[in-house]
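Novice: The following block contains a protein sequence and its predicted model.
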Amino acid sequence: MMNYGSMERRWQEEWEKAKIFEGDPNNKNAYMVTAAYPYVNSPQHIGHMRTFGTADVLARYKRMRGYNVLYPMAFHATGTPILAFAKRIKNKDPDLIKELKLFHIPDEDIAKMTDPLYLANYFAREIERGMHLAGFGIDWRRKFISIEPRYSKFIEWQFGILNAGKRLTQGSHPVGWCPNENNAVGMHDTKHDVEPEIDKETSIKFAVDGTDAFMLCTTYRPETIFGVTNLFVDVNAKYVLCEIGGERYYISKAAADNLKYQMKMEVLEEHDGKELLSRSAINPANGTKVPILPGYFVKEDIGTGVVMSVPAHAPFDYAALERLRASNYPIPEIRPIKVIDVEVGHSIGSKDAKPIFHPDIPALAYLEVLGTNVNSVDDALEFATKLEYREEAHSGRMIVPGYEGMSEPEAREKVRADLISAKKGFEIYVLTNSPVYCRCGFKVAVKLVENQWFLNYGDRAWKDAAKKAFVAMRILPEKSRKAFESALDWIDLRAVVRAQGLGTRFPLDNDKIIESLSDSTIYMALYTISHLIKELDPEKLKPEFFDYVFLSKGDISEVAKSTGIDYEIVKKAKDSFEYWYTYTSRHSGPDLIFNHLTMYAYNHVAIFPDKYWPKQIVVNGSVLSEGEKMSKSLGNIVPLIDAMQSHGVDPLRFVIIAGADLFSDSEFSYDAVNGVKERLEYLYNAVSGLESMGSEELKHIDYWLYSKLNRKIESVTESMELLELRAASTEMLYNSILELKKYFARGGNNGMVVKEYLSASALLLSPIAPHFAEELWHMLGNDNFASTERWPESDQSMISDKVESEEDLVDKVIADARQVSEMVKRKGGKEPAKLKFIVAQDWKRVLYNIVAQQKAPGKVIDWLKAGEIKEMEQYSGQVDIGTEIEYITGISKKRAELRPVALTHEEEMELLSEAGTYMAGVLGCEVSVESESESKSEKAKRALPGKPSIEAVF
RNA sequence: GCAGGGGUGGCAGAGCCUGGCCAAAUGCGACGGGCUUAGGACCCGUUUCCUUUGUGGAUGCGAGAGUUCAAAUCUCUCCCCCUGCACCA
């Protein structure tokens, strides 16, 4: 049994002693691998291993390919989450403390985590320790944290350049807002960590008949305004009359409370909802007078608390009206007005639901098609609503004059624009997932922040430059390129500062902090010099220093003089940047495509000369735990360090990093880990088996193993180049085991061959399972590091299709023999004592190959009759034409699948004879091989090339 | 809604770009056998259905249609699932 723990520690120490991750500056081929730096507000779980590990595998692979590789790491602490974390500790948040306990964090450390800096440094240390134990080849001399002074100097320099390049702009912006704390709230500031989702809705002004005030309705479907028959209010709620922008509106009191953060509003009067029922309102789209009615489903805090009723197209509206009628509420005659024509139920496609074409009242038709009615529960109405909205959006056509024939989404945009430009409506922001509560307990509202600073990612020229960078960039997996393309099209203004949080102060407004994604777009460049400026007084890190190092601006002596930094350091910094930053690979998870990774490219093109633009981006999937997404609420988070201790680092690396292809999620499961362990163990044990092996002349199976090995080297190399780690790992581990097993089963026993196979395997395994690879490498008698060895080269001359296909043939024969043997046993009740393999004659091969190529048996028969097939002449005495034709007819049915065979009769005889012992062992009975021409068996003529006839003998 | 990804055998998951050697790798599970005092581990075999003294056939890769001598693979339509939609790390 292998002891993973001691093996890992041993090699980690050895690597450290040899400083193999610090690179060789004399090597001209530099390659830098960076992974999105970890946020230091949590301990690491196994999910964190994916990105860092993938980067590590690439770094290790590139080292073996002869590059001088730099894989640095730093820590992210910018923003509010750390502050929120510290606050929760102060409040003794039981959930958080429970989570920390899961990671074995001592009470005294938890107690100190009320200090944000303490907790940031604590987790930074822990994360570093975890990465170290995971065997990541990181050059830790370069680490930094995003809230230290020299980092801020760097970011200030960056924003100086962005500002000079006119990348910044100001405007207003909606954010989730806690009125109690007077602060913007993001996901980590809310109860249950929900992100406040903000969306725009159209509010439409319905004049209250006989007054100058309006009922203000919000709707997602402004195009249905032509179908409005009435308005609904919540009779149990309070409503207010308020003044917004010089006009007066009735909205619910709850809505007023929400909306006052995004518009100037004065509340004038308060009313009961009931009072509004006596009024009627004017539809601004067509001047129709509509009554105001009680709507049982209206919620005072959604939108404005006033709903426009479109019974033809909204099941809830239809149902509410019908229920009012049934309850004898005095309502006027209301006829639903259809505005969209639709085939109701066409998308359901089930046998019990028959579509209803062109109904007069689609909303009713949807209820019918779903087998429900106006009195059903809200969930059923909700379902009908969703179906109706979907189908109408998808295939509905407007029938309203002026919008006729338009699709619904098209009409929606147009109607909205028309209403707004005619001042009959305006847009408001709503929380779509309302209610969201701040951790302090208050309900989150939407606030319009004035004078917000933005980075203008919508700028045409900038966008085009970023796109250009992507065209030249390598993206792995390539299929995520499309996501980047749409991210580039979509990205626009991005708010760049926040009122609070840790981080760098915004140079243009010192009260604000640069937001955390915006201060993390070019930090990879800092790695190239961070170890050189570590000891410097941050005040010396003036813009001219960075200008010189990164942009070659200015004169080195002057820079040294004005900053007070040693000439040598400035020079080294510049050289180091230029050396490392030319070939870079950036690693991250897919969630960062739409922000960090795109901004990363944008900022590089805005700041650096194109020589230093990103060269490669690698996006990897996440990690699932036993089939489920790891989450705090599910409680299935597996702490990284625990997992490494109990399973061993390398098996874990295999499962998490290489267990799925880049794009998909990998699955952490004990079964998978054990599977890897068993296989590593097999290789480990194979080494000790070497002693007892011989070293005779190479046999067929030795050539086979060589062929497999060299093919493997080739295919693993291809996979590694594209970071197709799943494919690489299947090939290098799983298939190696199968091949070795087969080799031994086939009587392979050549120590030299197996040793070569294992040595190459050790090297191939090294990037993914570095500790194990070193162990194996040393057991095989080497005293240097597998990690610094050259990646194996495949020897093309050892790859043989012929040898491999011969082995395949043996396997197929065995499979066929099994079937025969099975069948015989079933029929006769006893197993055959012997199986006779009868090998097809050579003339059959000639015809077989012709048919396989021509795929036209008729033609071949014609040629045969006409004596046009030269190769057949030599067999003229052996076989008559009738037999030949019968044979061709026999194989003609399968002509599409026939492949030419290479083996001659004699070779096939030899192959099967040589494999005789093996087959006998596998089949559990005697076997013999004979030639078709010499066989007396009546089955003999059934023999086909590559598919001997089989006779069971008892 | 928009954008991106996906739907393959009991499960997981390859294959799809570059159509044929694909009843479909590999792993797990299940079943049978070996080993074992027994279990685990390990080894061998089976694992869509039908058929057969013979190595065969049918159906089949979300649904439907099309292209082709030939489709899991190409085209179109539809259905379903996952992720993202921002100022938040």
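Specialist: Ah, there it is.

Novice: all helices in the stretch 101-250 of chain A, in order from the N-terminus.
Specialist: A:107-112, A:116-133, A:149-164 (DSSP state H, counting those that start in this stretch).

Novice: Mind giving me the packing neighbours of the second one?
Specialist: Read that as helix A:116-133. Applying 3 or more CB pairs under 8 Å, 6 or more residues apart in numbering; DSSP states H and E, one finds that helix A:116-133 contacts helix A:4-18, helix A:81-90, helix A:107-112, helix A:640-647. Every C-beta, even on glycine, is put in place using the N, C-alpha and C of the backbone.

Novice: how about those helices, which one is nearest residue A:133?
Specialist: For the helices and strands packed on helix A:116-133, distance to residue A:133 was read as CB to CB. The smallest value, 5.6 Å, belongs to helix A:640-647.

Novice: So the following helix or strand past the closest one, near RNA strand B or not?
Specialist: Going down the chain from helix A:640-647, the next helix or strand is helix A:649-658, by DSSP states H and E. No. Helix A:649-658 lies out of reach of RNA strand B by CB under 7 Å from any atom of the strand, never closer than 10.2 Å.

Novice: which non-adjacent residue is nearest residue A:689?
Specialist: In space, and not counting its chain neighbours, residue A:689 is closest to residue A:754: 7.6 Å by CB to CB, 6 or more residues apart in numbering.

Novice: list the contacts for the one you found?
Specialist: A:686, A:689-690, A:693, A:705, A:740, A:743, A:748 (CB atoms under 8 Å, 6 or more residues apart in numbering).

Novice: Report the separation between it and residue A:369.
Specialist: Taking CB to CB, to the nearest Å as the measure, residue A:754 falls 69 Å from residue A:369.

Novice: in stretch A:558-576, what counts as buried?
Specialist: Applying a neighbour-count criterion of 16 or more other CB atoms under 10 Å, one finds A:559-560, A:563, A:565, A:569-574, A:576 buried in stretch A:558-576.

Novice: Present those as a markdown table; the columns should include distance to RNA strand B, secondary structure and pLDDT.
Specialist: Formatted as a markdown table, those follow (distance: CB to the nearest atom of the strand, whole Å; DSSP: H, G, I helix; E, B strand; the rest coil; pLDDT from 0 to 100):
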| residue | distance to RNA strand B | secondary structure | pLDDT |
| --- | --- | --- | --- |
| A:559 | 33 | helix | 96 |
| A:560 | 36 | helix | 96 |
| A:563 | 31 | helix | 96 |
| A:565 | 31 | coil | 96 |
| A:569 | 31 | helix | 96 |
| A:570 | 32 | helix | 97 |
| A:571 | 35 | helix | 97 |
| A:572 | 31 | helix | 96 |
| A:573 | 28 | helix | 97 |
| A:574 | 31 | helix | 97 |
| A:576 | 28 | helix | 96 |
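
Novice: what's the farthest-apart pair in these?
Specialist: Greatest spatial distance among those (CB to CB): A:563 and A:576, at 16.9 Å.

Novice: who's in contact with residue A:833?
Specialist: Residue A:833 makes contact with A:925-926, A:953-954, according to CB under 8 Å, 6+ apart.

Novice: Quick check, central residue of chain A?
Specialist: For chain A, the residue nearest the mean C-alpha position is residue A:621 (3.5 Å; CA atoms, centre = their mean).
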